[in-house]
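# model this:
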Amino acid sequence: MTVKEIKEKLAKKAVIFETGGKRPTRELLESWIGSVCWQHEGEDIPKDKNGNNMASVATIFLKDLPFVPLELTGIELVTVFMSKDVWDNLISDDLSPWFYIRTYTSLEQLVPCEYQTDMIKPFPLIPQLIENDYPCWDGGGIPEEIEDTILQLETTEGIDYFDDICEEIYAQHKVGGYPAFCQSGYSFGDEYEFVMQISSDAKALFNIVDSGKFYFFYNPLISDWKVYCDFY
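Numbers count the residues shown, from 1 in each chain. The predicted structure is shown next:
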């Protein structure tokens, strides 16, 4: 397998998001960090297990994005809420008990809302398609046979993964692609595929401990989410 073939096999599409940079509209299809803007009639801000309102983290519209992971097929909107107690539980491998994630398969019957949090300055997110997202070397995203080939080429031809194969690791908010782990990677098994990440965001004044990220994994067969976090 050549370096070119390895690059082609590893490269994935994703949609990355730029924070701010345009005038907010609050219209359908406008994604947000730090604000949940849409819900069904009768829904309210979710509460954590202690009865406290959860923080509104993001509104992510999937409908009309130029790319959506296969696992999220049929979902048109995802809204993310988080318990502030999550900060005391970051050593847990699965942070999903401290998150509340709503998915909507249709944008019909949505009504506007305006949930915000004091931990994130709200901004609209501008999507951009990229086609060259690559996995971290120790992030678990490289199939074993390809990893073995890369190691062999490093020995025989003196290549370097980051210099010769990996074009870009996108660390910002994104849907699809690979998790841009800060530390060694983590997996919830084959049933749960990585589908999106929410990252520390200087413009939104949102810092996950030390430039960390929340990684979201989804099992479409049982409509279940897992959440992992790491940081520097």
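# CA only for contacts and neighbour counts going forward, please
Will do.
# And C113, how far from W38?
In this view, C113 and W38 are 5 Å apart by Cα to Cα, to the nearest Å.
# neighbour-wise, which of the two wins?
W38 (22 against 17; other Cα atoms under 10 Å).
# Report pLDDT for the closest residue to the more buried one other than its chain neighbours.
Among residues not flanking W38 along the chain, P112 sits closest, at 4.5 Å (Cα to Cα, 6 or more residues apart in numbering). Per-residue confidence (pLDDT) for P112: 97.
# give me every residue that touches P112.
Residues near P112 by Cα atoms under 8 Å, 6 or more residues apart in numbering: C37, W38, Q39.
# was I right about the second one contacting Q109?
Same thing as W38. No. The pair W38 and Q109 does not pass the contact test of Cα atoms under 8 Å, sitting 10.0 Å apart.
# got the buried residues for the biggest helix by length in the chain?
Criterion DSSP state H: the longest helix present in the chain is helix 144-156. Neighbour counts using 16 or more other Cα atoms under 10 Å place E147, I150, L153 of helix 144-156 among the buried residues.
# Identify the residue nearest the residue nearest in space to the middle of the chain in space, chain neighbours excluded?
Nearest to the mean C-alpha position of the chain, counting by Cα atoms, centre = their mean, stands Q197 at 1.6 Å. Leaving out its chain neighbours, the residue that sits closest to Q197 by Cα to Cα, 6+ apart is Y215, at 4.5 Å.
# can you list contacts of the longest helix of the chain?
Contacts of helix 144-156 (Cα under 8 Å, 6+ apart): M1, I6, I159, D160, Y161.
# list the contacts for K226?
Here K226 is in contact with D94, L95, S96, F188, Y192, F216, F217, Y218 (Cα under 8 Å, 6+ apart).
# So which of those residues belong to strands?
F216, F217, Y218 (DSSP state E).
# Just grab the bridge partners of the last one for me.
So that's Y218. E193, W225 (DSSP bridges).
# Done for today, thanks.
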